[in-house]
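A.B. asks: I would like to see how this sequence folds:
(one chain, ligands or ions: 1)
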Amino acid sequence: MFGIVPKPLWERRMPPDERNRIQLGMRCLLVEHPSGLVLIDTGAGNKENEKFYDIYGVENAGNPGPTKLEDGLRALGARPEDVSLVIDTHLHFDHAGGNTTRGADGGVVATFPKARYVVQQGEYEYATHTNERTAGSYFAHNFVPLAQDDRFDFVIGECEILQGIRVIPTPGHTPHHQGILLESDGERAFYIADLAPTSAHLPLAWIMGYDVEPLVTLETKRQILKRAVQEDWLVVFEHDASVAWSRIAFDGKTYGLASTV
Ligand SMILES: [Zn+2]
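C.D. replies: As a prediction, this is how the structure comes out:
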């Protein structure tokens, strides 16, 4: 998760377990929009095998489920059929795995039966043309059944999806990764996804080994974090196990949480 950052540095911030794994969240964001409920990213879903769950230590089984995502919706008084729009930042398994669900008959169905799904067109193409390096992150059952069912609205570049909900290309982690900028009552929040998966990734050089274009990530971060400070964005961290969101500050040298820089 920390790329070239030496372990003696990152383990002080995130102590690993005996198998070198760190605690991460999979934080999806639900937006109450006048047009309906909008869900940003969908977590890891429930379709993988035991080996997969063991390797990554995924704890996503719901009670009653199927996953913690549906439990979370239920706690807010919402059902999967109430979600009218799903926006995927990108199609890696830990972001788009909950797009689809394995039904009782073993078949794969859309988790949100009445929703349209939005993703960058380039990301879909990238996800369906994998190579040896990228294949481990893209599982076709998370998105191909949706395309076959004509549930995707593919977008290209920056665009306003709904009033106050704008997708902004943030390339580097994948070439067509996108962040989501939310505006409401004069305030802005930004779902930064894997551009800075945790608050520990705010320093510009703290870039994941998973990123396919790390130097592109660097320039995207430089640009986006500058805006985050200037425009006082509330940045939402998808993978941070403890910090859900924060304003960002720059101390002249590095970026960090507004409260700690
Ligand atoms: Zn990713």
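A.B. asks: Can you give me the end-to-end span of stretch 50-65?
C.D. replies: End-to-end distance for stretch 50-65: 18 Å, by CA to CA, to the nearest Å.
A.B. asks: which residues are in contact with it?
C.D. replies: With CB atoms under 8 Å, 6 or more residues apart in numbering as the test, stretch 50-65 has contacts from 17, 19, 21, 26, 43-46, 48, 67-71, 94. All C-beta spots, glycine's among them, are computed from the backbone N, C-alpha and C.
A.B. asks: since we're on the residue in the chain that the ion sits nearest to, how many residues are nearby?
C.D. replies: Closest approach between the chain and the ion, counting by CB to the ion: residue 92, at 3.5 Å. Neighbourhood size, residue 92 [other CB atoms under 10 Å]: 25.
A.B. asks: again, but for residue 122
C.D. replies: 19.
A.B. asks: Who's the closest spatial neighbour of it, skipping the chain neighbours?
C.D. replies: What sits nearest to residue 122 in space, not counting adjacent residues and going by CB to CB, 6 or more residues apart in numbering, is residue 176, at 3.6 Å.
A.B. asks: secondary structure element for the one you found?
C.D. replies: Residue 176 belongs to no helix or strand when assigned by DSSP states H and E.
A.B. asks: Please apply the same query to residue 31.
C.D. replies: Using DSSP H and E, residue 31 falls in strand 29-33.
A.B. asks: CA atoms only for the very next helix or strand once past that strand, dumped as PDB, please.
C.D. replies: Counting by DSSP H and E, the next helix or strand C-terminal to strand 29-33 is strand 36-40. C-alpha atoms of strand 36-40 as PDB (Å, rounded to 0.1, in the frame of the first residue of the first chain):
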ATOM      1  CA  GLY A  36     -32.700   9.900  -5.600                       C
ATOM      2  CA  LEU A  37     -30.000   8.100  -3.700                       C
ATOM      3  CA  VAL A  38     -26.500   8.100  -5.300                       C
ATOM      4  CA  LEU A  39     -24.000   5.600  -4.100                       C
ATOM      5  CA  ILE A  40     -20.200   6.100  -4.700                       C
END
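A.B. asks: packing partners for strand 36-40?
C.D. replies: Under the contact criterion of 3 or more CB pairs under 8 Å, 6 or more residues apart in numbering; DSSP states H and E, strand 36-40 touches strand 29-33, strand 83-87.
A.B. asks: Run the angle between that strand and strand 83-87 for me.
C.D. replies: 30 degrees (axes from the mean of the first three to the mean of the last three CA atoms, to 10 degrees).
A.B. asks: Partner strands of strand 36-40, with direction?
C.D. replies: Partner strands and pairing direction for strand 36-40 (DSSP bridges) are strand 29-33 (antiparallel), strand 83-87 (parallel).
A.B. asks: Show me the one of those that comes nearest residue 9.
C.D. replies: Among those, the nearest to residue 9 by CB to CB is strand 29-33 (29.4 Å).
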